[in-house]
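**Student:** Generate a structure from the sequence data that follows.
(2 chains)
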2 protein chains.
Amino acid sequence: MRYELYYWPGIPGRGEFVRLALEEAGADYVDVGNDDAAGGVAAVQALLDAADVQRPPFAPPFLKAGNVVVAQVANILQFLGPRLKLVARDPAAALWTQQLQLTIADAVAEAHDVHHPVGLGEYYEHQKPEARRRAKEFRGERMPKFLGYFERVLAANPKGPKYLVGARLSYADLSLFQLIAGLRHAFPAAMRRLEPGLPHCRALAVHVSERPNVAAYLASDRCLPFGEEGIFRHYPELDD
Amino acid sequence: MRYELYYWPGIPGRGEFVRLALEEAGADYVDVGNDDAAGGVAAVQALLDAADVQRPPFAPPFLKAGNVVVAQVANILQFLGPRLKLVARDPAAALWTQQLQLTIADAVAEAHDVHHPVGLGEYYEHQKPEARRRAKEFRGERMPKFLGYFERVLAANPKGPKYLVGARLSYADLSLFQLIAGLRHAFPAAMRRLEPGLPHCRALAVHVSERPNVAAYLASDRCLPFGEEGIFRHYPELDD
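**Tutor:** Numbers count the residues shown, from 1 in each chain, chains lettered A, B, ... in the order given. I've put the predicted structure just below:
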């Protein structure tokens, strides 16, 4: 099965949560938005605009797998999980993995809203004072709450604190790795303050980055750096 | 099976999406937060704070079903779907139902952020100018985009525009009903402007409200009215 990932080009963004799963599993996939030979951004937009799609996505990312088109990061990962062996077979464990993924998605959405609190479609430059106010609460209240929660989940795993669920890597671990990487990029000073209290999260970020397929991906030019676009943006005035 | 719903008392909030599914199915459940005999809000807080929960929820609502504790609205509904016969058996249709649910969840989160754009933990009164700015974009761009999307999904259903998925009611229909009800409460003027272009959404809101179990629930004192707390709030200055 050759998977087709549709996402905006040039940024890791929400597409990265899907890319990490595909890369870790060594899946055959094409990153359509970043691959002009596959159609590039025009192909992403065309599928979004197509009038004849029976189950149209609301927004990228979405994944094509044969006849299936799946959207929403958590839903894409839920679909890929069993196929890429990135989720437990036990239904209760799979449900719990998805629950964690949805909580990661909430944290990601809030990290984005920090720099776009009053106008999703407006420039950051037009909402800087508002962003500063939102960032203060995010760093002071929300980041500790979300990260402290994942730390607690890791600590409470009866199989040990290495993974979020059971004794094997799941897509939620890959996504938590990406959330931590994004927060380190966007809020390095706040993370320096918080990380001493998050030993299990820190260990997870290390061991995920060292998995052979993930490490090879991170070193490749398929892996796009964080920048001044997308979800995780480093504006020094929004950090501690 | 007696289900236990854990949610903050006194508001429909995110708990309502779960209540509607339980009520439509005629399920045996207790609304713990609103039921002092069942423990009330103290029981909700106790389960959130419990140190010995192996799979702790991040936030309400969560559902107890025997030994299972499930959180995140979309995940709760995914769990309940097959049990309450509120989702198709076909895996592709179930995936699509969940995708729609997650898009409804995104719309709900944005509707909430309108009145709390710069401080989730602060009072609305301390962020009124910012809320007005965010509301303008929400009414002008986001509401038409989300509702237009669901209208398009209904129109594209090969089984006809009555339901979002196939020829039977799913939990996503119940949630879309609740989203429309919430937006009508919060933004009545904006909805009067938009609804002429949303005939399928309007029809869905009617036929869901007329289902015997839903109608009985809406008329009961179990169904809490929208108010000045929770997700959908009517502040006239934020409407058209």
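**Student:** which helices and strands does the strand or helix carrying A:Val206 pack with?
**Tutor:** Using DSSP states H and E, A:Val206 sits in helix A:199-209. In this structure, helix A:199-209 packs against helix A:143-156, helix A:171-186, helix A:212-219, with contacts taken as 3 or more C-beta pairs under 8 Å, 6 or more residues apart in numbering or on different chains; DSSP states H and E. C-beta: built from backbone N, CA, C; applies to glycine.
**Student:** Reformat the ones you listed as JSON lines; add mean pLDDT.
**Tutor:** Formatted as JSON lines, the helices and strands packed on helix A:199-209 follow (pLDDT from 0 to 100):
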{"stretch": "helix A:143-156", "mean pLDDT": "97"}
{"stretch": "helix A:171-186", "mean pLDDT": "98"}
{"stretch": "helix A:212-219", "mean pLDDT": "98"}
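**Student:** Tell me which of the ones you listed is the most buried.
**Tutor:** helix A:171-186 (a mean of 24; mean count of other C-beta atoms under 10 Å in any protein chain shown).
**Student:** immediately after that one, which helix or strand?
**Tutor:** As the chain continues past helix A:171-186, the following element, by DSSP H and E, is helix A:188-194.
**Student:** buried set for the helix holding A:Val206?
**Tutor:** Judged by neighbour count using 16 or more other C-beta atoms under 10 Å in any protein chain shown, the buried positions of helix A:199-209 are A:His200, A:Cys201, A:Leu204, A:Ala205, A:Val208.
**Student:** Now pLDDT and distance to A:Leu20 too, for those, in CSV please.
**Tutor:** Shown next, in CSV, are the buried residues of helix A:199-209 (pLDDT from 0 to 100; distance: C-beta to C-beta, whole Å):
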residue, pLDDT, distance to A:Leu20
A:His200, 98, 19
A:Cys201, 98, 16
A:Leu204, 98, 13
A:Ala205, 98, 12
A:Val208, 98, 8
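**Student:** so where do the strands sit in chain A?
**Tutor:** A:3-6, A:29-31, A:62-65, A:68-71 (DSSP state E).
**Student:** Output the ones you listed in CSV, with mean pLDDT and mean neighbour count appended to each entry.
**Tutor:** Converted to CSV, the strands of chain A look like this (pLDDT from 0 to 100; neighbours: other C-beta atoms under 10 Å in any protein chain shown):
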stretch, mean pLDDT, mean neighbour count
strand A:3-6, 98, 23
strand A:29-31, 98, 19
strand A:62-65, 96, 22
strand A:68-71, 95, 20
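**Student:** Give me the pLDDT for A:Glu122.
**Tutor:** A:Glu122 is assigned a pLDDT of 89 by the prediction.
**Student:** Stretch A:111-122: end-to-end distance?
**Tutor:** For stretch A:111-122, the first-to-last residue distance is 16 Å (C-alpha to C-alpha, to the nearest Å).
**Student:** For the residue nearest to A:Ala172 when sequence neighbours are not counted, give me its contacts.
**Tutor:** Nearest residue to A:Ala172, sequence neighbours excluded (C-beta to C-beta, 6 or more residues apart in numbering or on different chains): A:Leu100, at 4.4 Å. Neighbouring residues of A:Leu100 by C-beta atoms under 8 Å, 6 or more residues apart in numbering or on different chains: A:Phe150, A:Val153, A:Leu164, A:Val165, A:Ala172, A:Leu176.
**Student:** which non-adjacent residue is nearest the second one?
**Tutor:** The shortest distance from A:Val153 to any non-neighbouring residue, by C-beta to C-beta, 6+ apart, is to A:Leu164 (5.8 Å).
**Student:** what about that neighbour, neighbour count?
**Tutor:** Look at A:Leu164: counted by other C-beta atoms under 10 Å in any protein chain shown, it has 24 neighbours.
**Student:** just checking, it touches A:Arg152?
**Tutor:** No - look at A:Leu164 against A:Arg152 with C-beta atoms under 8 Å: they stay out of range, at 10.9 Å.
**Student:** ok, now how distant is the closest residue to A:Leu80 other than its chain neighbours from A:Arg211?
**Tutor:** Nearest residue to A:Leu80, sequence neighbours excluded (C-beta to C-beta, 6+ apart): A:Ala21, at 5.5 Å. Counting by C-beta to C-beta, to the nearest Å, the gap from A:Ala21 to A:Arg211 is 12 Å.
**Student:** of these two, who's got more company?
**Tutor:** The residue with more neighbours, out of A:Ala21 and A:Arg211, is A:Ala21; 26 against 17, by other C-beta under 10 Å.
**Student:** Now do the more buried one, the pLDDT please.
**Tutor:** 98.
**Student:** Let me see the contact set for it.
**Tutor:** A:Ala21 neighbours (C-beta under 8 Å, 6+ apart): A:Ala27, A:Leu77, A:Leu80, A:Leu84, A:Leu86, A:Tyr171, A:Leu174.
**Student:** Go again with 6 Å.
**Tutor:** A:Leu77, A:Leu80, A:Leu84, A:Leu86, A:Tyr171, A:Leu174 (C-beta atoms under 6 Å, 6 or more residues apart in numbering or on different chains).
**Student:** What is the burial count for the second one?
**Tutor:** Translated: A:Leu80. Per other C-beta under 10 Å, the neighbour tally for A:Leu80 reads 23.
**Student:** per-residue pLDDT, it?
**Tutor:** 98.
**Student:** May I ask you to confirm that A:Lys64 is in contact with A:Glu4?
**Tutor:** Yes - using C-beta atoms under 6 Å, A:Lys64 is in contact with A:Glu4, at 4.1 Å.
**Student:** in the lengthiest helix in chain A, what's buried?
**Tutor:** Using DSSP state H to define each element, chain A has its longest helix at helix A:91-115. Residues of helix A:91-115 classed as buried: A:93-115 (neighbour count, 16+ other C-beta under 10 Å).
**Student:** Likewise for stretch A:117-129?
**Tutor:** Buried residues in stretch A:117-129 (16+ other C-beta under 10 Å): A:Pro117, A:Val118, A:Gly119, A:Tyr124, A:Gln127.
**Student:** Could you list which of those residues also contact chain B?
**Tutor:** A:Pro117, A:Val118, A:Gly119 (C-beta under 6 Å from any C-beta of the partner chain).
**Student:** Including pLDDT, could those go into a markdown table?
**Tutor:** Converted to a markdown table, those look like this (pLDDT from 0 to 100):
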| residue | pLDDT |
| --- | --- |
| A:Pro117 | 94 |
| A:Val118 | 92 |
| A:Gly119 | 88 |
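**Student:** picking up where we left off before, quick one: average pLDDT of the longest helix of chain A?
**Tutor:** Mean pLDDT, helix A:91-115: 97.
**Student:** Could you check how far the residue of chain A positioned farthest from its centre is from chain B?
**Tutor:** Going by C-alpha atoms, centre = their mean, the residue of chain A most distant from its centre is A:Asp52, 29.4 Å out. Counting by C-beta to the nearest C-beta, to the nearest Å, the gap from A:Asp52 to chain B is 9 Å.
**Student:** Show the pLDDT at that residue.
**Tutor:** Value for A:Asp52, per-residue pLDDT: 81.
**Student:** which residues sit in contact with it?
**Tutor:** Applying C-beta under 6 Å, 6+ apart to A:Asp52 gives no contacts.
**Student:** So chain A: which segments form each domain?
**Tutor:** As given by automatic domain parsing, the domain ranges for chain A are A:3-83, A:91-211.
**Student:** Tell me the span between the first and last residue of the last one.
**Tutor:** So the one you mean is domain A:91-211. First-to-last residue span, domain A:91-211, C-alpha to C-alpha: 26 Å.
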